[in-house]
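Enquirer: Build the 3D model from these lines:
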Amino acid sequence: MDRYISGSDNPIVFLTLQKDYGEECDTGAQGFRKTFAIQRCGGKPHEVALRFAGCCLQCGPCFASEYAWLSRFRRNRRVISLSLKDYTRCINDYKNIPYPAGCPHYNWLRILGGEPLLNDAYINFLFKILNEISRLDSKKFNNSIIIQTNGIYIGQGKTGTLRKGLEELYESNPQVKMCIEVSIKGTNEEEFELITRSHVRPKEEFNEFLQIFGWDLGAFSPAELYKFNLKVFYNLLDISKDLPNFKPTVIAGFGVNETYLLNGELSKNRITILFKNNRPIYHPDFWSDEFRELYNNFIHYSIKTFGFSKMPMYGIKDDVNTYPFARRALRQGKGIYGERWYDAKYAYERGGRNMQLESSFTDIRKHFFYIDNKIYYSTLTKF
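Expert: Numbers count the residues shown, from 1 in each chain. Predicted coordinates:
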């Protein structure tokens, strides 16, 4: 597979091929042949999505691990490599997406991964595409773009390329609203290590990451990566001061399972990663001063910008009937975390549940929330 070395004249990015929602008859790698595709998220008329491959983290419950983790994505047949000059493949895939039947547009355009803001090459490639399709036809994606990121690269202060891309997008089509959603991976350094597994990477993998993505991930400790993860919101907020079409937000990643966050006591299933003292990750007992400051600053900003009085949480996806890929992520989490992976559904079937732990879940819901995707993502782009 082609690789990009920092300083190359023709850097490479990696995308994940998709198939449109509704094409379940297409099976295996043969069915995945599009860069832009119509995906299920948000309900009818669904979303337009573009997925990047590769990531600087290895979060245990990651549903995208097959095309995100460095140790896996190179072997995934859905992953393709493209250079900046090859971006027209994506433009053509976007052009070929028909308007939804009976609807004026899709819900939004969502950019996810992997990690779409992994380096300057990824950011350049992404914004070249976004600027082009916004000039061509932004109505198709409802003039609404959401980028989901862990922000580690941007948190290092490497904001120049992103700022330039956002400025060009505003100049080319000021109707397009952009929200960058930063996934925070824990409330302290230890939780960050636990969730992202940033301390269990062999030296050879760091060397390979440097060779492929052009920056030295291995030069940073997990504590430094955690600080980057928290800092990116402030860096994005600074950019947004000059751009009326752009707002950042944050979300707590891989928290309590989604069904519980949506339904509270109506949900018999509980899924979480245990942190310590029989408490789950994100429990307020363990918030670091830095996270508490970020939380309070975000709430102050969010009430005025989005109307959220709590921090959003992306829970561990447990609706395996609607999202079959969640089965693999749940098995993966259980295999990685062992006794620190708590699944109340199976504990209940075995005749016992950790009620002390479950009573502390209410503390999570006092500070975090999860709502229907259509409501949430629409709110992010209607500021």
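Enquirer: Next SSE downstream of the lowest-mean-pLDDT helix or strand in the chain?
Expert: When the helices and strands of the chain are compared on mean pLDDT, DSSP states H and E, helix 344-349 comes out lowest with a mean of 74. The first helix or strand that comes after helix 344-349 along the chain, using DSSP states H and E, is helix 355-367.
Enquirer: hmm, back to that, list the buried residues of the least confident helix or strand of the chain.
Expert: For helix 344-349, a neighbour-count test (16 or more other CB atoms under 10 Å) marks 344-345, 347 as buried. Every C-beta, even on glycine, is put in place using the N, C-alpha and C of the backbone.
Enquirer: you'd agree Asn269 is up against Lys345?
Expert: Yes. With contacts counted by CB atoms under 8 Å, Asn269 reaches Lys345, the gap being 4.3 Å.
Enquirer: between the buried residues of helix 344-349, which is nearest Pro324?
Expert: Among these, Lys345 lies closest to Pro324 (CB to CB), at 16.9 Å.
Enquirer: which residues does that closest one contact?
Expert: 268-271 (CB atoms under 8 Å, 6 or more residues apart in numbering).
Enquirer: What is the burial count for Cys204?
Expert: For residue 204 the amino acid is Glu, not Cys. Counted with other CB atoms under 10 Å, residues neighbouring Glu204 total 9.
Enquirer: ok but it is inside a helix, no?
Expert: Yes. Glu204: assigned to a helix according to DSSP: H, G, I helix; E, B strand; the rest coil.
Enquirer: what's the distance between it and Gly218?
Expert: Using CB to CB, to the nearest Å, Glu204 is found at 10 Å from Gly218.
Enquirer: Check the gap between the closest residue to Gly155 other than its chain neighbours and Thr35 for me.
Expert: Spatial nearest neighbour of Gly155, excluding adjacent residues (CB to CB, 6 or more residues apart in numbering): Phe228 at 3.1 Å. As judged by CB to CB, Phe228 and Thr35 stand 28 Å apart.
Enquirer: likewise Tyr99?
Expert: For Tyr99 relative to Thr35 (CB to CB), the value is 19 Å.
Enquirer: Name the residue in these two with the higher neighbour count.
Expert: Thr35 (22 against 13).
Enquirer: Touching, the more buried one and Lys95? I think so.
Expert: No. Contact criterion CB under 8 Å: Thr35 and Lys95 do not qualify, at 11.5 Å.
Enquirer: Can you pull out the residues in contact with stretch 363-378?
Expert: Here stretch 363-378 has contacts from 41-43, 47, 107-108, 110, 144, 146, 252, 255-256, 258, 261-262, 264, 280, 282-285, 295, 308, 310-315, using CB under 8 Å, 6+ apart.
Enquirer: how about the CA coordinates for it, as CSV?
Expert: What follows is stretch 363-378, C-alpha atoms only, in CSV (Å, rounded to 0.1, in the frame of the first residue of the first chain):
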residue,chain,number,x,y,z
ASP,A,363,-24.7,10.4,38.6
ILE,A,364,-23.6,10.1,35.0
ARG,A,365,-27.1,11.2,33.8
LYS,A,366,-27.0,14.2,36.0
HIS,A,367,-24.1,15.6,33.9
PHE,A,368,-24.4,13.9,30.5
PHE,A,369,-27.2,13.2,28.0
TYR,A,370,-27.9,11.4,24.8
ILE,A,371,-30.8,12.2,22.5
ASP,A,372,-32.1,11.1,19.1
ASN,A,373,-29.5,11.6,16.4
LYS,A,374,-31.9,13.6,14.2
ILE,A,375,-32.6,16.1,17.0
TYR,A,376,-28.9,16.3,18.1
TYR,A,377,-27.2,16.7,14.7
SER,A,378,-29.8,19.1,13.4
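Enquirer: Isn't Asp120 up against Thr161?
Expert: Yes. Using CB under 8 Å, Asp120 is in contact with Thr161, at 4.5 Å.
Enquirer: one step back: the buried residues of helix 344-349 into a markdown table, with extra columns for distance to Leu237?
Expert: Putting these into a markdown table (distance: CB to CB, whole Å) gives the following:
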| residue | distance to Leu237 |
| --- | --- |
| Ala344 | 37 |
| Lys345 | 39 |
| Ala347 | 41 |
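Enquirer: which of those lies closest to Arg89?
Expert: Using CB to CB, the buried residues of helix 344-349 come closest to Arg89 at Lys345, 42.4 Å.
Enquirer: Pull out the buried positions in stretch 31-45.
Expert: Buried-residue list, stretch 31-45, by 16+ other CB under 10 Å: 31-39, 41-42, 45.
Enquirer: Pull that stretch out as CSV, backbone CA atoms only.
Expert: The C-alpha trace of stretch 31-45 is given here as CSV (Å, rounded to 0.1, in the frame of the first residue of the first chain):
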residue,chain,number,x,y,z
GLY,A,31,-20.7,-4.3,-2.0
PHE,A,32,-18.5,-1.5,-0.7
ARG,A,33,-17.6,0.7,-3.6
LYS,A,34,-18.5,4.3,-2.8
THR,A,35,-16.7,7.1,-1.0
PHE,A,36,-19.8,9.2,-0.4
ALA,A,37,-22.8,7.1,0.5
ILE,A,38,-26.3,7.3,2.0
GLN,A,39,-26.2,6.0,5.6
ARG,A,40,-28.9,5.1,8.1
CYS,A,41,-28.1,7.7,10.8
GLY,A,42,-30.9,10.2,11.6
GLY,A,43,-33.8,8.2,10.1
LYS,A,44,-35.4,9.1,6.8
PRO,A,45,-34.2,10.6,4.5
